[in-house]
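>>> Okay, here's the prediction I keep looking at, along with the sequence it came from:
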Amino acid sequence: MPRVWWRSCSPPLGFHAPNCAACRGCPEGATWHGRRLEAAGLEGRHRRRRHLTTVPDPHAASRPDLVLRQFDPDPDGVDTRWCGDITYVPTEEGWLYLATVIDIACRRVIGWATADHLRADLVADALTAACRQRRPTRPVIFHSDRGCQYTSQQFPTLATEFGVHLPVGRTGQCWDNALAESFFATIKRELLDTRTWPSLAAARTAIFDFVEGWYNLHRLHSSLGYRSPVEYETALAS
């Protein structure tokens with residue numbers, strides 16, 4: 001039963017699938033499943049080499065880190081603390097870059113944007129998408145790294161218009177933005193690194209399907225009690 005249920009998930013649930021299976025009445029743990037995979041001559045997926053996307057601006061004004069690595073789900077509700085980052089997707093037409101905005105309270109990707117460049121427009125589009133979708137009624141903290149896109153003049157100006165505060169983590173410290181990094185690890189392992197993308201458009205379409213059709217609605221999170229971001233957000237609102 002665990003094996004059939006695990007394979008029926010699309011995209012696959014990854015390493016935590018055995019634990020999710022246990023929530024559905026299948027008690028075997030990750031070690032048991034690992035041995036079954038090894039016996040069948042199978043192995044997990046491997047991550048590709050990293051491509052640098054965080055280039056700090058040495059002249060940018062410093063801002064405090066207001067999140068301080070506190071990425072636990074927030075029982076006080078959504079639209080209080082957001083975080084985001086940039087990652088890359090290699091395609092046969094060149095690099096596609098993905099910027100995200102994630103609600104820390106429920107792990108939901110509330111805004112995202114793609115482009116074939118790393119200009120500040122990319123992160124501005126992602127933040128605009130998040131603010132237009134959520135329409136927060138109180139000030140929101142948006143946490144990012146110190147990449148030049150986030151410390152540019154354009155991005156803080158836009159954030160001020162939306163009433164968003166902009167703390168930042170340290171350069172080169174992935175744990176300072178661990179939730180954003182965790183989402184990228186998931187989408188790469190379960191989607192982006194599983195095939196070769198023939199075009200920018202093909203990668204964009206796949207990202208849309210993953211985020212809007214799978215991750216937010218159905219992807220189970222151990223930190224949310226093995227519920228999806230939408231399920232957890234709905235529970236917070238009830």
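Yep, it's here.
>>> Now the element after the longest strand along the chain, going C-ward?
For the chain, the strand with the greatest residue count under DSSP state E is strand 94-103. Note on strand 94-103: by DSSP states H and E, the next helix or strand toward the C-terminus is strand 109-115.
>>> about what we covered before: let's see the longest strand of the chain as PDB, backbone CA atoms only.
Written as PDB, here are the backbone C-alpha positions of strand 94-103 (Å, rounded to 0.1, in the frame of the first residue of the first chain):
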ATOM      1  CA  GLY A  94      19.000  30.000 -21.600                       C
ATOM      2  CA  TRP A  95      18.500  30.700 -18.000                       C
ATOM      3  CA  LEU A  96      15.000  31.300 -16.600                       C
ATOM      4  CA  TYR A  97      14.900  33.000 -13.200                       C
ATOM      5  CA  LEU A  98      12.200  32.500 -10.600                       C
ATOM      6  CA  ALA A  99      11.400  34.900  -7.800                       C
ATOM      7  CA  THR A 100       9.000  34.000  -5.000                       C
ATOM      8  CA  VAL A 101       7.000  35.500  -2.100                       C
ATOM      9  CA  ILE A 102       6.000  33.000   0.600                       C
ATOM     10  CA  ASP A 103       3.800  33.500   3.600                       C
END
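>>> tell me what that strand is packed against?
In terms of contacts (3 or more CB pairs under 8 Å, 6 or more residues apart in numbering; DSSP states H and E), strand 94-103 is packed against strand 81-83, strand 86-91, strand 109-115, helix 120-134, helix 178-190, helix 200-210. Quick note: C-beta positions are derived from backbone N, CA and C, even for glycine.
>>> Tabulate the ones you listed (TSV), appending mean neighbour count, distance to Asp74 and mean pLDDT.
Shown next, in TSV, are the helices and strands packed on strand 94-103 (neighbours: other CB atoms under 10 Å; distance: least, CB to CB, whole Å; pLDDT from 0 to 100):
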stretch	mean neighbour count	distance to Asp74	mean pLDDT
strand 81-83	26	6	94
strand 86-91	20	24	98
strand 109-115	22	14	99
helix 120-134	20	14	98
helix 178-190	19	11	95
helix 200-210	17	24	99
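>>> Next, format those as CSV and append distance to Gln149.
Compiled in CSV, the helices and strands packed on strand 94-103 are given as follows (distance: least, CB to CB, whole Å):
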stretch, distance to Gln149
strand 81-83, 15
strand 86-91, 7
strand 109-115, 11
helix 120-134, 5
helix 178-190, 13
helix 200-210, 18
